[in-house]
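Undergrad: can't give you the sequence, but here's the structure:
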């Protein structure tokens, strides 16, 4: 029976599904991130390996079970080729230590070319600038790479290497795209991108991760001291969630609320480019023989989505609760926000805890409150944070559909992720988008999707999702009120220059007032 492994930003989960595709076993373990100055966010690879081993053991399923792996994207690390010992921390996708390199005049001047080549924006959230930082700041690491004594890769690459006892050094197309080193048209490593980021040593090294489709044409055998498994798929967390939730029609939209919030719209075989958003590889297979490939090497085929990221969702709530001195658990959040509804002040928030993602891409942006801050209570401020997540997702969807020059279709938007337990968030999302929000009965959509994708399928086919009990949340406000809310938030958090935030080293009077109000609310 297939197993799905979800290596997320705050937890590791496994699910085991039965013949019908329904979940019959689930295990979960928390995963801690370590935050430091300068936007640094790291994971301990040894803790990660131990947790994955434990969760796979708890999943059951017997020897030779099919496995699907879905990981947080862009997180990257180096390890020793002989011992498997990590040589660096795992630099999280939220880590921004590469911001200085991405802000250099040369790279900024080539941002458009990078976008055309990779489908992504130039951003320190992707792996390339983190890899460059590590080579510069870890003594001897470059020499190890050149000598073939060190390897690098995303979390999936690292895990599969360990689970195969070092026999499989691979990276799937979905995660490879997030390195900013993959030519999205050719689905191959691009030496010019390696050179641009100062990573020639990685490209010229004796070992480079082998690119594989997200759906394996034949299983990768994982035979280590852990257990014997057959790897059928390896992909990114958002890809697994979208396909696992059954979204595969043109214009199907998924919002996955987790550590960040990710908005994906399915485009199928059509690779669309939308200003301010990303062209995301959703899945790939080995396809027909390519005229340009060596004989016997099939050309990969792929399907795509348009994507926008809110860099901080659950992270923004954690940040606000720390600042306000609150400890409101997720299961009590709705009740807390519902208290005293008649005396609320209209407060706004920009959830730029990890910079500002789509469609603005301002890595230096910082979180801030705005609006009627005088006398605002902690409840007012926390409600503003919850609503800001829905507002940012609305902003992303509006950017995509404005570029496409058509109105957003009325089909429900599918939502998933840990924050869907907050009904206040989902109601705000339905109100702002003026579309029903469909909550699928799958709190572990990513792990479930990975399990569904683990079983072999013909090239170009996607495993069917599973029918579930759904909750449909409809808009409760008029279109005019929704528009007024959105415009008021935009004016409050961006000011007259929409899409720009003040330089963090130069707080504005509004920013200083917001800081004073947060401190006053905390004392209350």
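TA: Looks like it came in fine. The structure displayed is predicted, hence computed values, not measured ones. Numbers count the residues shown, from 1 in each chain.
Undergrad: give me the element residue 396 is part of.
TA: Using DSSP states H and E, residue 396 falls within helix 378-404.
Undergrad: and that helix, how far from the chain's centre?
TA: Between the centre of helix 378-404 and the centre of its host chain there is 17 Å, according to Cα atoms, centre = their mean, to the nearest Å.
Undergrad: which of the residues in that helix are buried?
TA: Using 16 or more other Cβ atoms under 10 Å as the test for burial, helix 378-404 gives 378-397, 399-401, 403. The way it works is simple: take the backbone N, C-alpha and C, and place the C-beta from them, glycine included.
Undergrad: for residue 437, give its distance to residue 430.
TA: Plainly put, residue 437 is 4 Å away from residue 430 if you go by Cβ to Cβ, to the nearest Å.
Undergrad: show me the common contact partners of these two, please.
TA: Contact criterion Cβ atoms under 8 Å, 6 or more residues apart in numbering; residues bridging residue 437 and residue 430 by contacting each: residue 473.
Undergrad: got the contact list for residue 71?
TA: Residue 71 sits next to 6, 7, 154, 155, 156, 159, 175, 234, 236, 237 when contact means Cβ under 8 Å, 6+ apart.
Undergrad: could these be laid out in a markdown table, adding secondary structure, distance to residue 87 and pLDDT?
TA: Rendered in a markdown table, the data for the contacts of residue 71 read as follows (DSSP: H, G, I helix; E, B strand; the rest coil; distance: Cβ to Cβ, whole Å; pLDDT from 0 to 100):
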| residue | secondary structure | distance to residue 87 | pLDDT |
| --- | --- | --- | --- |
| 6 | strand | 26 | 96 |
| 7 | strand | 20 | 96 |
| 154 | strand | 15 | 98 |
| 155 | helix | 15 | 97 |
| 156 | helix | 18 | 97 |
| 159 | helix | 16 | 96 |
| 175 | helix | 20 | 98 |
| 234 | strand | 22 | 95 |
| 236 | strand | 24 | 96 |
| 237 | helix | 25 | 94 |
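Undergrad: hey, where'd the helices end up in the stretch 1-150 of the chain?
TA: If you assign secondary structure with DSSP state H, counting those that start in this stretch, the helices in the stretch 1-150 of the chain sit at 45-59, 99-102, 105-109, 111-118, 127-137, 141-146.
Undergrad: relative to residue 218, which of those is closest?
TA: Go through these one by one with Cβ to Cβ and the one that ends up closest to residue 218 is helix 45-59, at 21.3 Å.
Undergrad: and residue 496, how many neighbours?
TA: Here the number of neighbours of residue 496 (other Cβ atoms under 10 Å) works out to 6.
Undergrad: can you classify it as helix, strand or coil?
TA: Reduced to three states with DSSP: H, G, I helix; E, B strand; the rest coil, the structure at residue 496 is coil.
Undergrad: and the gap between it and residue 490?
TA: The span separating residue 496 from residue 490 equals 11 Å under the rule Cβ to Cβ.
Undergrad: repeat for residue 103
TA: As for residue 103, its distance to residue 490 is 25 Å (criterion: Cβ to Cβ).
Undergrad: next: residue 393.
TA: Spatial separation of residue 393 from residue 490 under the definition Cβ to Cβ is 14 Å.
Undergrad: ok, now residue 304?
TA: Look at residue 304 and residue 490: by Cβ to Cβ, they are 29 Å apart.
Undergrad: who has more neighbours, these two?
TA: Set side by side, residue 304 and residue 490 show more neighbours around residue 304, with 23 against 15, by other Cβ under 10 Å.
Undergrad: so how far is the host helix or strand of the more buried one off the chain centroid?
TA: Assigning secondary structure by DSSP H and E places residue 304 in strand 298-310. For strand 298-310, the distance from its own C-alpha centre to the chain's C-alpha centre is 14 Å (Cα atoms, centre = their mean).
Undergrad: packing partners for it?
TA: Using 3 or more Cβ pairs under 8 Å, 6 or more residues apart in numbering; DSSP states H and E as the contact criterion, the elements in contact with strand 298-310 are strand 261-268, strand 278-289, helix 378-404.
Undergrad: and the ones you listed, which one's lowest on average pLDDT?
TA: Out of the helices and strands packed on strand 298-310, the stretch the model trusts least by mean pLDDT is strand 278-289, with a mean of 82.
Undergrad: buried sites along that one?
TA: Within strand 278-289, the residues that count as buried by 16+ other Cβ under 10 Å are 278, 279, 280, 281, 282, 283, 284, 285, 286.
Undergrad: bridged to the residue lying closest to the first one once chain neighbours are set aside, which residues?
TA: It stands for residue 278. For residue 278, the nearest residue in space outside its immediate sequence neighbours is residue 307; the separation is 4.5 Å by Cβ to Cβ, 6 or more residues apart in numbering. Assessed by DSSP bridges, residue 307 has beta-bridge partners residue 264, residue 278.
Undergrad: which residues touch residue 307?
TA: Going by Cβ under 8 Å, 6+ apart, residue 307 touches 238, 262, 263, 264, 265, 277, 278, 279, 280, 358.
Undergrad: residue 247 is in contact with the third one, correct?
TA: No. Shown here, residue 263 and residue 247 do not form a contact pair, counting by Cβ atoms under 8 Å, at 11.9 Å.
Undergrad: for the stretch 151-300 of the chain, which segments count as helices?
TA: All helices of the stretch 151-300 of the chain, identified by DSSP H, counting those that start in this stretch, fall at 155-163, 173-177, 191-196, 200-203, 237-244.
Undergrad: would CSV of those helices with distance to residue 14 be doable?
TA: Supplementary listing: the helices of the stretch 151-300 of the chain in CSV, determined by distance: least, Cβ to Cβ, whole Å:
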stretch, distance to residue 14
helix 155-163, 13
helix 173-177, 19
helix 191-196, 34
helix 200-203, 31
helix 237-244, 13
